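A.B. asks: here is a sequence together with a model predicted from it:
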Amino acid sequence: MTFLAPKLGERTLFPNLEARAYLAHAGISPASRPVQEAVAAVLDAYSRRGAGALMEWLPVRERLRQRLARLIQTQPQDLALVPNTTQGVLNIALCFPWKPGDRVLIFQGEFPANVTPWMQAGVEVSFLPLPRVRNPEILSTLEAELSQGVRLVAVSAVQFQTGLAMPLQEMGAMCRRYGAALFVDAIQAAGVVPLDVQGAGIDFLTCGSHKWLMGMEGSGFLYVSPEWVGKLRPRMAGWLSHEDPLGFLSPGGACLDYQRPIRKRADFLEPGTGNLLGHVALEASVALIEELGVPAIHAHVNSYLDALEQGLGRYGFASLRSARRSGILSVLPPSGWSLGDIHRGLARRGIICSTPDGFLRFAPHWPNHRDEVPFVLAAVDEILRQGS
Ligand SMILES: Cc1ncc(COP(=O)(O)O)c(C=O)c1O
């Protein structure tokens, strides 16, 4: 087991990482040594004892719930562990107590995970413009729509292509004033942008683990506010959603009962056997994030991005970074340059970033050191002088 403490700007816990500068945490994060070890320990136990290993690993779910609750400032019982962000959206889209004529508002440019489920929920979906500029007039656009009658607003805490961090606090207050629920996709924020679901009056929040939380794919969580949990229809319930769901498996036996009530707790949305490997991976990665603290990670990442943004600006890249900081710096290449060529040129030089929806996106996390920035800029210089 690795007992090394995580340090901002140090990648000792990522000894296998090949990239010289790994800047794709808004896509998929690399697995740290503690994550590798946590997964290996579960596999080892199950390979030796099979079902006998079950009890040893049961507490991991509760520990994970506690850590995630602290991360978004709520209580563990408000969380359901779900397979991914989309499943969290689907759960609410399908269980929400919709009324005829209900309308959902979504900002244009939203990642499709937070769009498709609402479109399948049998409600009207309206798209609000979100201009791709710095500091867009988000709140006035939102208020104008809310005043026309809206049941739920679905938004990403951070926009995946531009990195714009949405004003959740103000949006939450505004939604409350107009009687609309606020649903947040937090996968581009949790782990790098401080979140406070209760302080912001967020009703629902969903998040996958493989980006800024640095867990593995196929694991995530859903927050359901206490105010809503009793009002949801149990359309996504399964055998583990009942009260005392395991009672019929105990040695007493003969108490199979399909009519046991469905729990009035967020974890009724854990309908079947969970993703244990995903849970231990996420617990290990969130433990590191907790130790460092999200505000410190946010400051660290933004000091890196300040230097990178300034340097790229000198080469004619146009930044889309908003004053409302996230962990993302998205840029457009200098005129005449193709995004693909620059992206490939960087990858060839060991710099991994991504290209969502026509932007070049840089997303460092706590292990990235600011010393990488001159290396990235030297690579950009070389690409622009020589071609990719
Ligand atoms: C804003 C946003 N939401 C959701 C997802 C992914 O959703 P899921 O975890 O369901 O794959 C991504 C990226 O993959 C994203 O950028």
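C.D. replies: Looks like it arrived, so ask away.
A.B. asks: can you list the residues of the stretch 51-200 of the chain near the ligand?
C.D. replies: Asn84, Thr85, Thr86, Phe111, Ala113, Asn114, Ser156, Phe160, Asp185, Ile187, Gln188 (Cβ under 6 Å from any ligand atom). Yep, even glycine has a C-beta here, placed from its N, CA and C like the rest.
A.B. asks: restricted to buried residues, select the residues you listed in PyMOL.
C.D. replies: Of those, the buried ones can be selected in PyMOL as follows, counting by 16 or more other Cβ atoms under 10 Å:
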select buried, resi 84+85+86+111+113+114+156+160+185+187+188
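A.B. asks: any chance of CSV for the residues of the stretch 51-200 of the chain next to the ligand, columns pLDDT?
C.D. replies: Shown next, in CSV, are those (pLDDT from 0 to 100):
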residue, pLDDT
Asn84, 98
Thr85, 98
Thr86, 98
Phe111, 98
Ala113, 98
Asn114, 98
Ser156, 98
Phe160, 97
Asp185, 98
Ile187, 98
Gln188, 98
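A.B. asks: and the residues of the stretch 51-200 of the chain next to the ligand, which of them are in helices?
C.D. replies: The members of those that map onto helices under DSSP state H are Thr85, Thr86.
A.B. asks: between the residues of the stretch 51-200 of the chain next to the ligand, which is closest to Leu339?
C.D. replies: Phe160 (15.7 Å; Cβ to Cβ).
A.B. asks: backbone phi and psi for the closest one, please?
C.D. replies: phi -70, psi -30 (degrees, to the nearest 10).
A.B. asks: under the pLDDT cut-off, which ranges of the stretch 201-350 of the chain? List them.
C.D. replies: For the stretch 201-350 of the chain, applying pLDDT under 70 flags the ranges 253.
A.B. asks: can you rerun that using 80?
C.D. replies: Where the stretch 201-350 of the chain drops to pLDDT under 80, the residues are 252-254.
A.B. asks: run through the helices of it in chain order.
C.D. replies: 226-229, 276-292, 294-314, 339-348 (DSSP state H, counting those that start in this stretch).
A.B. asks: and those as a markdown table, adding distance to the ligand and mean neighbour count?
C.D. replies: A markdown table is the format used below for those (distance: least, Cβ to the nearest ligand atom, whole Å; neighbours: other Cβ atoms under 10 Å):
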| stretch | distance to the ligand | mean neighbour count |
| --- | --- | --- |
| helix 226-229 | 21 | 15 |
| helix 276-292 | 11 | 22 |
| helix 294-314 | 17 | 18 |
| helix 339-348 | 17 | 16 |
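A.B. asks: now the strands for this protein?
C.D. replies: Under the criterion DSSP state E, the chain carries strands at the ranges 21-22, 79-82, 103-107, 124-128, 152-156, 181-185, 204-208, 220-224, 318-319, 329-332, 351-352, 360-362.
A.B. asks: columns distance to Val380 on top of those, output as CSV?
C.D. replies: Supplementary listing: those in CSV, determined by distance: least, Cβ to Cβ, whole Å:
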stretch, distance to Val380
strand 21-22, 11
strand 79-82, 39
strand 103-107, 31
strand 124-128, 35
strand 152-156, 28
strand 181-185, 31
strand 204-208, 31
strand 220-224, 34
strand 318-319, 14
strand 329-332, 10
strand 351-352, 9
strand 360-362, 10
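A.B. asks: is the residue in the stretch 101-250 of the chain that the ligand sits nearest to in a bridge, and if so with what?
C.D. replies: Scanning the stretch 101-250 of the chain for the residue nearest the ligand gives Gly208, at 3.0 Å (criterion: Cβ to the nearest ligand atom). Beta-bridge pairing for Gly208 (DSSP bridges): Gly220.
A.B. asks: what's around it, how many residues?
C.D. replies: 28 (other Cβ atoms under 10 Å).
A.B. asks: same check on Glu62?
C.D. replies: Glu62, neighbours per other Cβ under 10 Å, totals 10.
A.B. asks: that one contacts Pro76, doesn't it?
C.D. replies: Yes. Counting by Cβ atoms under 8 Å, Glu62 touches Pro76, with 6.9 Å between them.
A.B. asks: could you pull out the helices for the stretch 51-200 of the chain?
C.D. replies: Counting by DSSP H, counting those that start in this stretch, the helices of the stretch 51-200 of the chain are 54-57, 59-72, 85-95, 116-119, 138-146, 168-178.
A.B. asks: most tightly surrounded among these?
C.D. replies: Of all the helices of the stretch 51-200 of the chain, helix 85-95 carries the top mean neighbour count, a mean of 23, counting by mean count of other Cβ atoms under 10 Å.
A.B. asks: which elements pack onto it?
C.D. replies: Packed against helix 85-95, as judged by 3 or more Cβ pairs under 8 Å, 6 or more residues apart in numbering; DSSP states H and E, are the following elements: strand 79-82, helix 116-119, strand 181-185, strand 204-208, strand 220-224.
A.B. asks: contact partners for Leu282?
C.D. replies: Leu64, Leu68, Ser209, Leu213, Gly215, Met216, Ser219 (Cβ atoms under 8 Å, 6 or more residues apart in numbering).
A.B. asks: tell me which residues touch the fifth one, please.
C.D. replies: It refers to Gly215. Counted by Cβ under 8 Å, 6+ apart, Gly215 has contacts Ser29, Val35, Ser209, Gly278, Ala281, Leu282, Ala284, Ser285, Val286.
A.B. asks: name the nearest residue to the third one, ignoring sequence neighbours.
C.D. replies: Which is Ser209. Gly215 (3.2 Å; Cβ to Cβ, 6 or more residues apart in numbering).
A.B. asks: same question for the first one.
C.D. replies: The shortest distance from Ser29 to any residue that is not its chain neighbour, by Cβ to Cβ, 6+ apart, is 4.2 Å, and that residue is Met214.
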